[in-house]
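Engineer: Pasting the sequence and the predicted coordinates here, then a few questions.
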Amino acid sequence: MESTGTNTAPASSGATPVPGATAVAVAPVAPADVTVPSPAPAGAPDLVTVPTRQGLEAVDIIRRAASRAGGVGPVLHDGSGDTLGFLVPPGTADAWDMPGSACTQTNGRGMRFGDVSPTAGDTGWLLPPEAVGPVTDPEVLRAALGEAARLIEAADNCR
């Protein structure tokens, strides 16, 4: 998939970095042949990609917090297991500034609607659209990713 709006926050952007979080270059997950929620939200969803460990923690955080609006939406995993991708509302990439993550406008490229099951080793669903809400709220995701980074840092410092 061609990136039309990858946004990461450089230190000079004014974004508040997560204490102790390591900035990582995150390549967007390329959802070549995956199913997108049907009916899709107005416009194609954007895709926030994060390192797998942080993404899995964020999924758990969002799912445990029943009070968080909408819960977690569909989540993709890449074939190599390096990143997770959260579908978020269209336009999120325009203002995404979370260090250690990337947000890409998909404009629907590479996405198909319908029942397509990924094959082993390919990009596929960690949380398929039929099992969760249509997309993840960007503010909920941002908070969960920040909390996940702090939890990971604390766990790593205990070793």
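Structural biologist: Perfect, thanks for sending it. This one's a predicted model, so the numbers in the text were calculated from it and none came from an experiment.
Engineer: C-alpha from now on. contacts and neighbour counts both.
Structural biologist: Will do.
Engineer: hey, where'd the strands end up in the chain?
Structural biologist: 34-35, 46-51, 75-77, 83-88, 102-105, 111-112, 124-127 (DSSP state E).
Engineer: So in this protein, where's the weakest helix or strand by average pLDDT?
Structural biologist: The helix or strand of the chain with the poorest confidence is strand 34-35; it has a mean of 47 (mean pLDDT, DSSP states H and E).
Engineer: hang on, the earlier thing: columns distance to Ile62 and mean neighbour count on top of the strands of the chain, output as CSV?
Structural biologist: Formatted as CSV, the strands of the chain follow (distance: least, CA to CA, whole Å; neighbours: other CA atoms under 10 Å):
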stretch, distance to Ile62, mean neighbour count
strand 34-35, 22, 22
strand 46-51, 15, 27
strand 75-77, 12, 25
strand 83-88, 12, 28
strand 102-105, 19, 28
strand 111-112, 25, 17
strand 124-127, 13, 20
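Engineer: In JSON lines, list those along with distance to Gly146.
Structural biologist: What follows is these, written out as JSON lines (distance: least, CA to CA, whole Å):
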{"stretch": "strand 34-35", "distance to Gly146": "28"}
{"stretch": "strand 46-51", "distance to Gly146": "12"}
{"stretch": "strand 75-77", "distance to Gly146": "18"}
{"stretch": "strand 83-88", "distance to Gly146": "15"}
{"stretch": "strand 102-105", "distance to Gly146": "14"}
{"stretch": "strand 111-112", "distance to Gly146": "28"}
{"stretch": "strand 124-127", "distance to Gly146": "20"}
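Engineer: Minimum distance to Glu147: which of those has it?
Structural biologist: Across these, Glu147 has its closest neighbour in strand 46-51 (13.5 Å, CA to CA).
Engineer: Sketch out the low-pLDDT regions of the chain for me.
Structural biologist: Counting by pLDDT under 70, the chain contains low-confidence ranges at 1-42, 66-69, 108-121.
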